[in-house]
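> I need the structure of the sequence given here:
(one chain, ligands or ions: 1)
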Amino acid sequence: MYKRRMMVAAAAVALVLTGTATGEGSAQSAAEPAKKAIYTANVTVDPKQHRIAGSVQIQFWPKERERAYIHLYPYAFTKEADQKGVGWDELLGKGATPGTYHISRMLVQGKKVEPTRTGTVLEVPLGAGAASAGTAPVRLDLAFELVLPRNDGRMSYDDHALWLGNWLPVLAVKDKAGWHLDPYVPMGDPFYSETADYRLEITLPAGYQPVSTGSDHQSSVTQSPDGKRRTYKIGADNVRDFALMIMDQTYRLLETKANQTVVKTWYRTGDNMNQVKRLHQAAVQSLGYFHRTYGAYPYTEYDVVRTGGAFNGMEYPGLVFVDGNHFTRENQFGTAVVAHETAHQWFYGLVGNDQIGEAWLDEGLTEYAALSFLHKAYPRLAEERIARRQMRGTVTADSYAADGLRPWQPVQEFPDLYSYSDLVYSRGFSMLWTLREAWGEDQVDEALRRYVSKHRYGVATGKELIAEFSQIAGEDATPYFAYWMGMDRKQEASAKAWLERRRKR
Ligand SMILES: [Zn+2]
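Model (predicted):
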């Protein structure tokens, strides 16, 4: 995600990046999990009523014999939800209205079960369904009806579109640390999921179309006999979420084929065309740059979708939401937002992580990647942003440390959006930029490329990132990360020494 307070106005000189990819799927050892879940959904959307109803089937290999957990984030936006705490006002905006979410059926292996819900987390008893964990898949069926809330966030609507982020049920992750059952919070991107395959059937009234994590050209459309409805079959493999946008006929498209991927920027009639072209160019160029630098982008489509709301940008696999404020008037900030969200395709998308416990891991790497791209393609825009990030990431450190705050802490422990931004984004970025200035960009890129290659389609932890930098350095990188991300002042000298030993002369 990209928070609005990072806005920096600067003129930019666009430089067209050219170059060829390092070869499609070249030398990528895709460590694809063998036991992926399959989500199959059949939904009908009523755009005028902002209602989505249908069924979802999840076939998965249970991690525990007795129970599974699923996140149902739409519950965070119902009337009953507990929306107290830091960040809610900004997320909801003015005049927000709640939505509703109802589950009318829940079956495990075809048998009715009674789940228990705590906030957005549903505990599903597996009963006799799961003979033993990990040996056979279990099928969970649910039927739901969702009426969208209206707010400034990732799942809302306006007169021309419905944007659905984190709307489908998603299995909670159980890793070495145990179950991750974090509640929805308005700070950061409070999500953690594993890659899965998705098969969706989406029925819409004529006059609307879907854009999603899946690829358009891999979808099929059938029309109802009376011509009033269309059903789209859309699939997406190896993705850790499935975002969906329903748009009316005011939407237009710019598209550019780059390597095996079509980059599509969806905008509305009436948007500022100079700005639309600028955003589209940033998407095409940055996707190409990251593809060459960090490893192949594996999907055949990448969508940049204009939404309403006021969240700047939000990443999903194969698709990012960019709010309409960036499409209606000329500004350079939009370029930076698009570059940032595009970089998330690698850091969050291809390599997942616990975005609640280790937000710095995807946000720090993403901002580093985005500013590395801007540094090449839009140097004047980059210069000011880099200086600001470095300033915020370093000069503020002592006072945050005195308050016991550090980048490497759960998102809900940040007292406000400022500390979250300074520590997670700016300090995360500064840590890597300092390394780049000392060692050269090739060394940092090499570590990140190995990190992506090793964990592609999987999840990684901060420790696993440290392991890549230890390898590049030929010695343990822990003090450097402990100093920068853990704010451990006792490690400052060791961190500096570690950095200096490999400084490029
Ligand atoms: Zn982000």
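> what's the neighbour count on residue 491?
18 (other CB atoms under 10 Å). (C-beta placed from N, C-alpha, C; glycine too.)
> so who does it touch?
479-480, 482-483 (CB atoms under 8 Å, 6 or more residues apart in numbering).
> phi and psi next, for it.
phi -90, psi 0 (degrees, to the nearest 10).
> wait, residue 331 sits on residue 272?
No - using CB atoms under 8 Å, residue 331 makes no contact with residue 272, being 9.3 Å away.
> from the contacts of residue 491, pick the one nearest residue 169.
Using CB to CB, residue 482 comes nearest to residue 169 of the contacts of residue 491, at 37.4 Å.
> where does the closest one fall, secondary structure wise?
Assigned by DSSP states H and E, residue 482 belongs to helix 478-484.
> now that helix - C-alpha only, CSV.
Once non-C-alpha atoms are left out, helix 478-484 reads as follows in CSV (Å, rounded to 0.1, in the frame of the first residue of the first chain):
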residue,chain,number,x,y,z
THR,A,478,22.1,-10.1,11.6
PRO,A,479,23.7,-7.1,13.3
TYR,A,480,22.9,-4.8,10.4
PHE,A,481,19.2,-5.8,10.4
ALA,A,482,19.1,-5.8,14.2
TYR,A,483,20.3,-2.2,14.2
TRP,A,484,18.1,-0.9,11.3
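> let me see the mean pLDDT of it.
The pLDDT scores in helix 478-484 average 98.
> quick revisit: so which pair among the contacts of residue 491 is furthest apart in space?
Across the contacts of residue 491, no pair lies farther apart than 480 and 482, at 7.3 Å, counting by CB to CB.
> which one of those two has more residues nearby?
Taking neighbours as other CB under 10 Å, residue 480 and residue 482 compare with residue 480 leading, 24 against 20.
> around the ion, pick out the residues from the chain.
Residues of the chain lying close to the ion (CB under 5 Å from the ion) are 1, 363.
> mind listing what residue 423 touches?
Neighbours of residue 423 in contact, by CB under 8 Å, 6+ apart: 360, 393, 396, 400, 405-407, 414.
> quick one: which of those has the lowest pLDDT value?
By predicted confidence, the contacts of residue 423 are weakest at residue 396, whose pLDDT stands at 88.
> can you count the residues close to that residue?
18.
> quickly note the distance from it to the ion.
Noted for residue 396: a distance of 19 Å to the ion, by CB to the ion, to the nearest Å.
> so what's that residue up against?
422-423, 426.
> residue 227 - how many residues pack around it?
For residue 227, using other CB under 10 Å, the count is 8.
> again with the one 3 residues further on
Residues within reach of residue 230, counting by other CB under 10 Å, total 18.
> remind me which helix or strand it belongs to.
Under the assignment here (DSSP H and E), residue 230 is part of strand 229-239.
> what are the buried residues along stretch 163-178?
For stretch 163-178, a neighbour-count test (16 or more other CB atoms under 10 Å) marks 163-174 as buried.
> can you redo the residues you listed as TSV with secondary structure?
Converted to TSV, those look like this (DSSP: H, G, I helix; E, B strand; the rest coil):
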residue	secondary structure
163	strand
164	strand
165	coil
166	coil
167	coil
168	coil
169	coil
170	strand
171	strand
172	coil
173	coil
174	strand
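> name the residue of the stretch 1-150 of the chain that lies nearest to the ion.
residue 1 (4.4 Å; CB to the ion).
> same question, the stretch 401-505 of the chain
Closest point on the stretch 401-505 of the chain to the ion, by CB to the ion, is residue 425, at 7.6 Å.
> three-state assignment of that residue?
Going by three-state DSSP: residue 425 is helix.
> surely it touches residue 364?
Yes - the pair formed by residue 425 and residue 364 meets the contact definition of CB under 8 Å, at 7.1 Å.
> who has more neighbours, these two?
residue 364 (29 against 26).
> which residues does that one contact?
Applying CB under 8 Å, 6+ apart to residue 364 gives the contacts 407, 424-425, 427-429, 431-432, 485.
> state the distance from it to residue 444.
12 Å (CB to CB, to the nearest Å).
> list the contacts for the residue in the stretch 151-300 of the chain that the ion sits nearest to?
Of all residues in the stretch 151-300 of the chain, the one sitting closest to the ion is residue 189 (6.9 Å; CB to the ion). Residue 189 makes contact with 1, 314-315, 348, 355, 359, 362, according to CB under 8 Å, 6+ apart.
> and the gap between it and residue 378?
25 Å.
> do residue 118 as well
In terms of CB to CB, residue 118 sits 45 Å off from residue 378.
> more crowded one of these two?
residue 378 (25 against 11).
> residue 211 bridge partners, please.
Taking DSSP bridges as the rule, residue 211 bridges to residue 245.
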